[in-house]
Every structure is written in C-alpha cells, then in structure tokens.
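Visitor: Please find the sequence and the predicted model below.
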Amino acid sequence: MKNSIKKSIVLITLAAFVAGCSSTTVIHSKPEGAKVYLDSVYVGKTPYKHSDMKLVGATTPLELKLAGYQTFETHLSKDEKIDVGAIVGGCFFLFPFLWTMQYEPEHTYELVPAITNR
C-alpha cells in the first residue's frame with residue numbers, strides 16, 4: 001500500500017512538472033481564417049491555439065497566409081512572459097529553470113491586403 005502511494009505521488013509530481021513546462025498562446029489574424037504555418041508546416045487556421053515545451057529563448061518561424069492578403073512572416077519567441085511557477089520549481093530542482101519564460105496568452109497580427117495590378 002505504501003509503495004503504491006509513493007508511486008502515485010511521484011507520478012503526480014512528474015505530471016505537474018511536465019504540465020508546467022508547456023506554454024500556450026492563441027494566434028489571431030485580422031481578418032481571421034488565415035492559414036497558420038509553424039516551421040513551414042501547415043497547422044491550422046486562425047484563431048489557432050499553439051502549445052509547446054520549448055526552452056527559454058527558443059523561436060519558431062510563423063507564417064500567416066490568406067487569399068487576397070500578403071503573406072505575414074514573424075517568429076514566436078519563448079521569452080515574452082515570466083513563469084513564476086517554473087522559477088519556484090527551479091529552487092527545488094534545477095531543470096525547471098529551462099522553462100522560466102512563456103508566450104503571451106494571445107498574439108494578434110493584422111494582415112495587409114495584396115497589391116493587385118489592374
């Protein structure tokens with residue numbers, strides 16, 4: 001019985017650390033409905049909820065494409081918001097310090113209409 005309780009505690013602790021290491025943001029475009037490409041791979045349309053477990057300072061190329069608008073290119077950077085939970089966890093274990101930054105909860109990008117020659 002005690003052994004199974006210890007295993008449960010260890011599993012719950014590990015699950016909390018893994019969940020705390022991820023960061024989520026919602027990508028919006030004006031107008032909505034743009035195709036979202038992360039690392040040149042199509043992942044969905046705006047609004048798009050993105051989560052990952054990348055380390056502090058990691059960047060991910062982001063492209064938004066919508067018919068009649070210029071392709072919008074930028075990067076998501078994992079250095080926008082401090083994760084207090086990871087800092088506190090880092091005081092007890094060293095590895096959570098690698099996830100001390102998160103994304104802002106939302107990103108909104110305004111698309112520019114394409115120039116057409118008439």
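Guide: Alright, I've got the coordinates. Source: prediction; values computed, not measured.
Visitor: Residue 5 should be in a helix, yeah?
Guide: Yes - counting by DSSP: H, G, I helix; E, B strand; the rest coil, residue 5 is found in a helix.
Visitor: Can you show me the strands along this protein?
Guide: According to DSSP state E, the chain carries its strands in the segments 23-30, 35-38, 41-45, 48-52, 59-65, 72-77, 81-82, 101-102, 106-110.
Visitor: Please identify the most buried of those.
Guide: Ranked by mean neighbour count, those are led by strand 101-102 with a mean of 21 (mean count of other Cβ atoms under 10 Å). Quick note: C-beta positions are derived from backbone N, CA and C, even for glycine.
Visitor: Between the strands of the chain, which has the poorest mean confidence score?
Guide: For these, mean pLDDT drops lowest on strand 81-82, to a mean of 58.
Visitor: picking up where we left off before, among the strands of the chain, which comes closest to residue 3?
Guide: Of all the strands of the chain, the one in closest proximity to residue 3, counting by Cβ to Cβ, is strand 48-52 (33.8 Å).
Visitor: what's near enough to touch residue 54?
Guide: 23, 60, 78 (Cβ atoms under 8 Å, 6 or more residues apart in numbering).
Visitor: same question, residue 73
Guide: Contact analysis of residue 73 by Cβ under 8 Å, 6+ apart lists 61, 62, 63.
Visitor: List the beta-bridge partners for the second one.
Guide: What it means is residue 62. Note on residue 62: beta-bridge partners by DSSP bridges are residue 38, residue 74.
Visitor: hmm, back to that, please convert the contacts of residue 54 to CSV, extending it with distance to residue 114.
Guide: Formatted as CSV, those follow (distance: Cβ to Cβ, whole Å):
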residue, distance to residue 114
23, 33
60, 25
78, 31
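Visitor: which of these lies closest to residue 51?
Guide: residue 23 (6.8 Å).
Visitor: Test my guess that that closest one contacts residue 52.
Guide: Yes - using Cβ atoms under 8 Å, residue 23 is in contact with residue 52, at 6.6 Å.
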